[in-house]
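# I'd like to go over a predicted model; first the sequence, then the structure.
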Amino acid sequence: MPIKKPVTKSKEKVTSSTGNAVKKTPQPINLVRGMKDILPVDQPVWERMRDLARSISESYGFGRIDTPMLEDTSLFIRGVGKMTDIVEKELYSFETSGKENVALRPEGTAPVIRAYIQHGMFNLPQPVKMYYVGPMFRHDRPQHGRYRQFQSFGCEVIGDANAIVDAQLILMAHLFIKEMGIDAVVHVNSIGTPESRANYKNALVSYFRTKKSKLSEEDKKRLLKNPMRLLDSKEPGMAELKTEAPQIVDWLDEESKTHFMRVLEYLDELGIPYQMNPHLVRGLDYYTKTVFEIFPNSTDQEAAQAAIGGGGRFDGLSELLGGRATPSAGFGIGLDRCFNLIKDQQPEVSQNVDVFIAQLGDQGRKRALAVFEDLRKGGIKAGEAFSKDAIKAQMEIANRRHAKFAIIIGQKEVLDGTAVLRDMDSGTQEIVDVRKIVHELKKKLHKA
RNA sequence: GUGACUAUGGUGUAAUGGUAACACAGCAGGUUGUGGUCCUGUUAUCGUGGGUUCGAUCCCCACUAGUCACCCCA
């Protein structure tokens, strides 16, 4: 890599009134646009989401797969589709110094199928069920709940064409969201096989051509580029046009139709709240037959626009990626969006401890260090502020962290081999043998 | 990617064409080895860069970032 010449924009030295040279503080370096830190306060929620993803996946028989964040760019061009927004304008792709064309994964399904093909998983008992949790990247314009790096949880069932798979995946996705405490509805639709979809597309185009004068500029573009998108256009006046537009269900081939009916029957059986949404089309080329998206059920909130998860069937994806024909289905859930919906109900992380060790003087500090280790090994949640000198400050911290007891070790205690054990509630203190302190504390904590 | 709005300390806010107020958090102290109250001090060249002006945090422009709508989706 070429070494860049150091920037010579040398920070001017400002001379203060006292004549001393004062360095200008350099500009802080901030997050790259669209990136996000997950701070310690928020980790408990994230832990919960990851735990839930794992336990649900495993209880339905899914094994975890981790694919790299970096893949060959053509995986997404072929898998997701060259003309999709995800690839066309949101893909983080670049050429490495070794002239490889790589891209940061914008979604999880194509990589999983790639791995399935590459590792010959078609030789395993079918279907192969895998789940993933990890970051995805899309160079979109950031907004609330829309980041350029976001965490996804997804499940894929590869090698099974049965409609019950679709239904069970929808069940799992809905279950995850419900368990996180989010009330959600599932929107479902079927977009059939590529052939039936092509026929439908033609019908749709000819219908809208007759209404061309009523279309907005934006929608005229859609008509040419991606006519299916006209169905979820929010342009004024479209609602009326859409109700009269041909519906995809009427254009489905027999097999897709019965498949879809089956899925709906299973959903009814499972009692999953769903809505038929004939306007639901997905932005990835690989979908066939069943498609679904999950929306938060907060009717009063307008923020309920953004889907928190989605998925469907992608029977043709394996072949697109050079594998044999393998019917598959899956879903993905946006963990950041879940997080945004539930973070407010989250309790603060407690820094509370059972015992706090306060020390005085060098000798006391050394002894306290050892005692802290004893407590830790003894399984007692202990706190300390060894870098503080004043005992007052240490007691303040002990109090703030709701310690039930404080151990105080100073010069005198070190010489006697003792420690002061203070009950923080009553304020009573006793002197105990340092060697027995763990035992003593366990007894007291157990009682309390 | 398109349009609109916003940008004050760690956090949440206030005011103002003459360099900033309040609350909370933080740190240090209120005599020498002890907490929860109280008191004091302390913590911001007002996102970055330019312009207008005697002078800008407050006006103008650009940039950056965030938010909202669109696009799209997780």
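Now that the structure is in, tell me what you want to look at. Please read all numbers here as calculations on a predicted model, not as lab measurements. Numbers count the residues shown, from 1 in each chain, chains lettered A, B, ... in the order given.
# List of residues touching stretch A:55-64?
Contacts to stretch A:55-64, defined as C-beta atoms under 8 Å, 6 or more residues apart in numbering, come from residues A:54, A:129-133, A:155, A:168, A:172, A:175-176, A:179. Heads up, the C-betas are built off the backbone N, CA and C, glycines and all.
# let's go with 7 Å and repeat that
For stretch A:55-64, contacts defined as C-beta atoms under 7 Å, 6 or more residues apart in numbering pick out A:129-132, A:155, A:172, A:175-176.
# Quick one: end-to-end length of it, please.
The first residue of stretch A:55-64 is 11 Å away from its last residue (C-alpha to C-alpha, to the nearest Å).
# Show me what the mean pLDDT comes to for that stretch.
Stretch A:55-64 comes out with an average pLDDT of 97.
# can you give me how far that stretch is from the chain middle?
Distance, stretch centre to chain centre, for stretch A:55-64: 17 Å (C-alpha atoms, centre = their mean, to the nearest Å).
# Same check on stretch A:410-430?
Distance, centroid of stretch A:410-430 to centroid of chain: 48 Å (C-alpha atoms, centre = their mean).
# before we move on, the earlier item: generate JSON lines for the contacts of stretch A:55-64, with neighbour count and distance to RNA strand B as supplementary columns.
What follows is these, written out as JSON lines (neighbours: other C-beta atoms under 10 Å; distance: C-beta to the nearest atom of the strand, whole Å):
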{"residue": "A:129", "neighbour count": "21", "distance to RNA strand B": "19"}
{"residue": "A:130", "neighbour count": "24", "distance to RNA strand B": "17"}
{"residue": "A:131", "neighbour count": "24", "distance to RNA strand B": "14"}
{"residue": "A:132", "neighbour count": "24", "distance to RNA strand B": "13"}
{"residue": "A:155", "neighbour count": "26", "distance to RNA strand B": "13"}
{"residue": "A:172", "neighbour count": "22", "distance to RNA strand B": "14"}
{"residue": "A:175", "neighbour count": "16", "distance to RNA strand B": "15"}
{"residue": "A:176", "neighbour count": "26", "distance to RNA strand B": "11"}
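# Which ones among those residues lie within strands?
A:129-132, A:155 (DSSP state E).
# With respect to residue A:89, which of the contacts of stretch A:55-64 is nearest?
Residue A:89 has its nearest neighbour among those in residue A:132, at 24.4 Å by C-beta to C-beta.
# is it true that that closest one touches residue A:65?
Yes - counting by C-beta atoms under 7 Å, residue A:65 is a contact partner of residue A:132 at 5.5 Å.
# For the two, list the residues in contact with both.
Both residue A:132 and residue A:65 are contacted by residue A:112, under the criterion C-beta under 7 Å, 6+ apart.
# what does the stretch 201-350 of chain A have sitting close to RNA strand B?
Proximity of the stretch 201-350 of chain A to RNA strand B, by C-beta under 7 Å from any atom of the strand, involves residues A:218, A:222, A:226, A:229, A:232-235, A:281-284, A:293-294, A:302-303, A:305-310, A:332-334, A:336-337.
# Can you list which of those residues are found in strands?
Counting by DSSP E, those place A:293-294, A:309-310, A:332-334 in strands.
# that's a helix at residue A:94, yeah?
No - applying DSSP: H, G, I helix; E, B strand; the rest coil, one finds residue A:94 to be strand, outside a helix.
# avg pLDDT for stretch A:345-363?
83.
# what's in contact with that stretch?
For stretch A:345-363, contacts defined as C-beta under 7 Å, 6+ apart pick out A:40-41, A:44-45, A:181, A:365, A:368, A:371-372, A:375, A:380-384, A:386, A:391, A:394-395, A:397-398, A:401-411, A:414, A:441, A:445.
# Just the pLDDT for the residue of the stretch 251-400 of chain A found nearest RNA strand B.
Residue of the stretch 251-400 of chain A nearest RNA strand B, by C-beta to the nearest atom of the strand: residue A:283 (0.8 Å). We have a pLDDT of 71 for residue A:283.
# next one: the one 3 residues further on
We have a pLDDT of 88 for residue A:286.
# what do you get for the one 5 residues further on?
The predicted structure scores residue A:291 at 94 on the pLDDT scale.
# Kindly state the beta-bridge partners for it.
Applying DSSP bridges to residue A:291 yields these beta-bridge partners: residue A:189, residue A:312.
# That one: neighbour count?
Each residue near residue A:291 was counted by other C-beta atoms under 10 Å, and the total is 23.
# what's around residue A:388, how many residues?
15.
# how about it, what does it touch?
Contacts were defined as C-beta under 7 Å, 6+ apart; by that measure residue A:388 touches residue A:394.
# Low-confidence ranges, chain A, go.
A:1-27, A:236, A:298-305, A:346-349, A:448 (pLDDT under 70).
# Can you give the domain ranges for it?
A:40-193+A:253-345, A:355-447 (automatic domain parsing).
# Ranking these by mean neighbour count, which comes first?
Mean neighbour count (mean count of other C-beta atoms under 10 Å) peaks for domain A:40-193+A:253-345 among the domains of chain A, with a mean of 18.
# Span of it from start to end?
First-to-last distance for domain A:40-193+A:253-345 - C-alpha to C-alpha - comes to 16 Å.
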